[in-house]
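A.B. asks: coordinates only, sequence not included:
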């Protein structure tokens with residue numbers, strides 16, 4: 001329950017700081033986050049390119065995404081505490097990312113399609129209690145950055 005509350009706060013801050021420019025449909029999707037067992041619809045999962053090219057993420061935001069990606073790529077497991085430390089770094093950068101949101105329009109909407117599931121992965125990673133569970137979520141986080149780099153720069 002604590003994770004859901006933290007997720008809702010982070011998402012709310014992100015939406016508020018971005019000027020709430022998302023379409024009504026996206027608003028309805030964000031409201032579903034309040035349900036413990038929600039599912040993303042196909043549109044939420046389908047990030048689109050900008051006429052065949054990657055979306056540009058604002059400089060004051062991309063730095064936090066690249067920090068998270070660097071932390072994930074440099075990660076070496078020595079103990080379970082290493083997972084905890086990485087989860088804290090990711091959470092911190094998500095907070096910085098959402099508080100520095102300046103994007104608008106479709107680029108903003110497309111970034112949300114990546115970021116909202118990433119925040120959920122981050123929450124799942126933070127809540128992982130066993131090393132095997134943490135390792136599985138870590139792999140999903142690595143894959144998420146591959147997806148990010150496919151659609152954004």
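C.D. replies: Yep, it's here. All values reported here derive from a predicted model rather than from experimental measurement. Numbers count the residues shown, from 1 in each chain.
A.B. asks: Enumerate the positions of the lengthiest helix in the chain that are buried.
C.D. replies: In the chain, taking DSSP state H as the definition, the longest helix is helix 105-127. For helix 105-127, a neighbour-count test (16 or more other Cβ atoms under 10 Å) marks 107-126 as buried. All C-beta spots, glycine's among them, are computed from the backbone N, C-alpha and C.
A.B. asks: and if you look at stretch 55-72?
C.D. replies: If you call a residue buried by 16+ other Cβ under 10 Å, then stretch 55-72 has these buried ones: 55, 57, 61, 64-65, 67-69, 71-72.
A.B. asks: how close does residue 52 sit to residue 151?
C.D. replies: Distance, residue 52 to residue 151, using Cβ to Cβ, to the nearest Å: 11 Å.
A.B. asks: Same drill for these two, tell me which one is more crowded.
C.D. replies: Set side by side, residue 52 and residue 151 show more neighbours around residue 151, with 18 against 6, by other Cβ atoms under 10 Å.
A.B. asks: Specify the beta-bridge partners of the nearest residue to residue 106 once chain neighbours are set aside.
C.D. replies: Sequence neighbours aside, residue 50 is the residue nearest to residue 106 in space, at 7.4 Å (criterion: Cβ to Cβ, 6 or more residues apart in numbering). In this entry, residue 50 is beta-bridged to residue 53, by DSSP bridges.
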